[in-house]
Structures are given as C-alpha cells and as structure tokens.
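Trainee: with the input below, show me the fold.
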Amino acid sequence: MKKVFNQIAILILALTLINCSKNDDGDLTPVEQTGHQEQYTRLTSYSQNSKEYSLTYNANGSIKNYEHFNYPGENSLANVEYDANNRIAKNGAFTYTYNSIGKISTILEVIGSTEIEYLLDYNPDGQLTAHTRYTTDGSRIHTQHKIKYNLNNQIAEINIYSLYSTPNYSKHSFTYDGLGNLVQDKNELSWENRNDYFESSRTRYTYDSKKNPIYGILYKSGLTNDFSVINFKQMHSISAGYFYYYPPNNLVSLEVNSVGNPSNNYITTNYYFYNEDNLPTTMDYSKTKSNGETTLTENYKTWTYEIIE
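Mentor: This next block holds a predicted model:
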C-alpha cells in the first residue's frame with residue numbers, strides 16, 4: 001500500500017508520544033461494539049530512535065508502569081500507584097498528596113538520596129495559582145511558578161522565578177485555537193520582574209485530527225487537565241517549567257522563532273502513518289534549520305497496540 005504522508009512537526013526536546021483522543025468516558029478508541037461489550041485498542045509499547053519502551057496496566061485499565069529514557073542514576077521504569085480514591089499517589093520518582101478539595105497539595109521528588117518538595121496553592125475556585133520549591137534550608141524560594149487563566153479556564157500565563165537562572169524571571173504566554181488546542185507559546189525574560197520583559201522566542205504548534213494514543217490512557221489514570229503538574233516522562237508533547245501539556249490530538253507542526261538570534265530558528269516535521277483506527281503506527285521525522293539544511297530520520301518512532309475487551 002502506498003504510504004500517504006501527513007506533514008506534522010513535533011516539539012524539540014519533547015520526546016513526544018503521539019497520542020489518541022479520549023471519548024466521553026476518557027477511555028481508548030472503541031474498535032468494535034457488540035451488545036454491551038466493546039473492544040478497545042490500547043498502546044503497549046513504542047520506540048524512539050530504535051529504543052523500545054513498554055507500558056503495562058492494572059485491572060482498572062490505568063497505567064501500572066512505563067519505561068522512559070533515563071539519565072545516569074535514574075531508574076528507567078516508572079511505577080504508578082493509586083490511592084483509595086483512584087488518584088495518582090506515586091509516579092516514578094514523584095509522590096503526590098491531596099488537599100481537602102481533591103487537588104494536589106504537595107509533590108515530593110526523590111532522586112537517589114536527594115528529596116525535593118514542591119508546594120501547590122489554589123484560589124477559591126480551585127485553580128492552581130502557585131507551584132513553589134524552596135531552598136534546602138527553607139529560607140529562600142528556589143523556583144516558583146505563578147499561573148494566570150483566561151476566560152475559558154485555560155492556563156494563559158505562567159510566570160517563573162528561578163534563583164539560579166540568568167535572567168531570574170521568565171514568562172510563558174499561551175494562545176489556544178477554537179478547539180482548545182495550544183497553538184502558541186510566547187517566552188519572555190526579565191531581570192527585575194517589572195516592566196522590562198523582552199521577548200526571547202515564540203513557538204507555534206498545529207495538530208492533526210487523529211487520535212493521541214496516550215491521551216485517553218492518562219485521563220483514565222487520573223490526569224484531569226491537558227496542562228498538568230504530573231510528569232509522565234516522554235509522554236507530554238510540550239512543557240513549560242514544571243507544567244506538561246498532553247494534547248488530545250497529535251502535534252502537527254512546531255516552528256521556533258528566536259528573537260534576536262534568527263540562526264536558532266528551526267522547524268520540525270513529522271510524517272505519520274496510521275492504522276485503520278486512525279492511530280499512528282510509524283513516524284518519520286525531519287528538522288529544517290534556518291539555513292535551509294534539512295535532515296530526515298525514517299521510522300524515528302513506532303507504536304504497537306493490543307485489542308482489549
């Protein structure tokens with residue numbers, strides 16, 4: 001069968017799992033329905049640059065563990081555990097606790113003998129407004145994210161302070177399309193967090209209409225927002241600080257424009273091949289630099305599925 005190329009671009013450094021959209025119940029894609037029983041197609045493994053990563057599930061169909069790229073000293077297998085309310089309690093190196101309204105209140109990250117705690121604050125409407133990490137002695141803020149929302153309750157802006165960054169302040173401003181997809185991230189920097197912000201870069205995204213095989217799985221596992229503080233490594237498409245974006249459809253294009261340094265501009269493009277359920281099975285990847293130089297990697301990613309009942 002002749003391959004039909006659908007041009008797509010992925011986010012750089014975001015080891016994107018191209019995923020599948022959820023149905024009304026947050027489940028996977030039904031491939032057959034007989035009476036009251038449905039069969040579903042579920043992702044079991046994927047590969048990137050010829051390295052394969054697998055996923056397993058518990059009896060409820062939620063993720064039990066998954067493999068991901070690991071750095072030296074980091075476990076490549078992340079186990080996922082749930083509390084009595086079926087909320088994610090542990091995800092690899094991260095442990096989550098919840099407040100009285102069911103929102104994540106603290107995140108504890110353990111890397112070897114190092115423990116890092118993040119504190120989360122909410123407004124009366126239950127929207128996350130601040131994500132803070134303090135220095136080891138607790139005397140100063142190490143990193144803080146402050147969040148603003150648009151009229152559709154989508155994250156519109158993330159202001160980040162980092163004690164050891166230069167400049168210390170950065171700001172991500174997000175734009176969405178009519179379907180709710182994140183289509184632009186404008187990144188600005190500031191030395192004093194006043195009115196001296198200057199634009200550093202602008203990244204634009206587009207998406208296809210196909211299904212994201214991870215999206216439904218993560219929602220079934222307890223993810224409650226496309227932009228989340230829960231880091232399923234390698235499964236998010238876009239990240240901003242400690243926030244991770246999981247789109248319902250596949251990221252189609254990514255174009256980075258670096259203000260003041262156009263030599264850093266680039267476009268990444270993916271070419272997908274889908275199965276009969278409109279799920280991606282293989283992907284070729286290309287990157288075009290500002291000088292026009294283009295590199296193409298065939299079969300950069302592959303996906304394997306199973307049918308469950």
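Trainee: how close does S237 get to Y266?
Mentor: Note on S237: its distance to Y266, by CB to CB, to the nearest Å, is 17 Å. The C-beta positions use only the backbone N, C-alpha and C, and glycine is treated the same way.
Trainee: what residue is smack in the middle of this structure?
Mentor: The centroid of the chain falls nearest to H236 when counting by CA atoms, centre = their mean (2.0 Å).
Trainee: any idea how far that one is from L151?
Mentor: Taking CB to CB, one finds H236 at 25 Å from L151.
Trainee: what's the answer for N168, then?
Mentor: Distance, N168 to L151, using CB to CB: 30 Å.
Trainee: and Y305, by the same measure?
Mentor: Counting by CB to CB, the gap between Y305 and L151 amounts to 38 Å.
Trainee: among those two, which residue is more densely surrounded?
Mentor: Of the pair Y305 and L151, Y305 is the one with more neighbours under other CB atoms under 10 Å, namely 21 against 6.
Trainee: and that one, what does it touch?
Mentor: Neighbouring residues of Y305 by CB atoms under 8 Å, 6 or more residues apart in numbering: 41-44, 213, 275, 277, 279.
Trainee: give me the element it is part of.
Mentor: Assigning secondary structure by DSSP states H and E places Y305 in strand 294-308.
Trainee: where does the stretch 151-300 of the chain dip in pLDDT?
Mentor: 193-194 (pLDDT under 70).
Trainee: now S201: which helix or strand?
Mentor: Using DSSP H and E, the element containing S201 is strand 198-211.
Trainee: elements contacting that strand?
Mentor: Packed against strand 198-211, as judged by 3 or more CB pairs under 8 Å, 6 or more residues apart in numbering; DSSP states H and E, are the following elements: strand 6-8, strand 182-190, strand 249-258, strand 266-274.
Trainee: what helices or strands is the longest one leaning on?
Mentor: In other words, strand 249-258. Against strand 249-258 (3+ CB pairs under 8 Å, 6+ apart) you get strand 6-8, strand 198-211, strand 266-274.
Trainee: please repeat the previous calculation with a cut-off of 10 Å.
Mentor: Helices and strands touching strand 249-258, by 3 or more CB pairs under 10 Å, 6 or more residues apart in numbering; DSSP states H and E, are strand 6-8, strand 182-190, strand 198-211, strand 266-274, strand 280-289.
Trainee: strands paired with that strand, and their directions?
Mentor: Neighbouring strands of strand 249-258 in its sheet, by DSSP bridges, are strand 198-211 (antiparallel), strand 266-274 (antiparallel).
Trainee: separation between S54 and Y176?
Mentor: For S54, the distance to Y176 equals 33 Å [CB to CB].
Trainee: what about the strands in the stretch 1-150 of the chain?
Mentor: Residue ranges of the strands in the stretch 1-150 of the chain, as given by DSSP state E, counting those that start in this stretch, are 6-8, 29-34, 37-48, 51-57, 63-67, 77-82, 88-91, 94-98, 104-111, 114-122, 128-134, 141-149.
Trainee: comparing these, which yields the minimum mean pLDDT?
Mentor: When the strands of the stretch 1-150 of the chain are compared by mean pLDDT, strand 6-8 comes last with a mean of 38.
Trainee: what's around H68, how many residues?
Mentor: Using other CB under 10 Å as the criterion, the residues surrounding H68 number 18.
Trainee: could you find the closest non-adjacent residue to it?
Mentor: Excluding its sequence neighbours, the residue lying closest to H68 (CB to CB, 6 or more residues apart in numbering) is K233, at 4.1 Å.
Trainee: thought that neighbour was touching E109?
Mentor: No. Using CB atoms under 10 Å, K233 is not in contact with E109, being 12.0 Å away.
Trainee: list the residues that contact both of those two?
Mentor: Common neighbours of K233 and E109, counting by CB atoms under 10 Å, 6 or more residues apart in numbering, are 92-94.
Trainee: with respect to T114, which of the residues you listed is nearest?
Mentor: A93 (10.0 Å; CB to CB).
Trainee: mind pulling up the pLDDT for that closest one?
Mentor: Per-residue confidence at A93 stands at 90 (pLDDT).
Trainee: thinking again about what came up before, list just the nearest of the shared contacts of K233 and E109 to K146.
Mentor: F94 (21.1 Å).
Trainee: is T294 bridged to anything, and to what?
Mentor: T294 has these beta-bridge partners by DSSP bridges: T288.
Trainee: list the contacts for it?
Mentor: So T294 contacts 266-267, 269, 286-288 (CB under 10 Å, 6+ apart).
Trainee: so it versus Y266, what's the distance?
Mentor: From T294 across to Y266, the span is 10 Å (CB to CB).
Trainee: now for these two: what residues contact both?
Mentor: Taking CB under 10 Å, 6+ apart as the contact rule, T294 and Y266 both touch 287-288.
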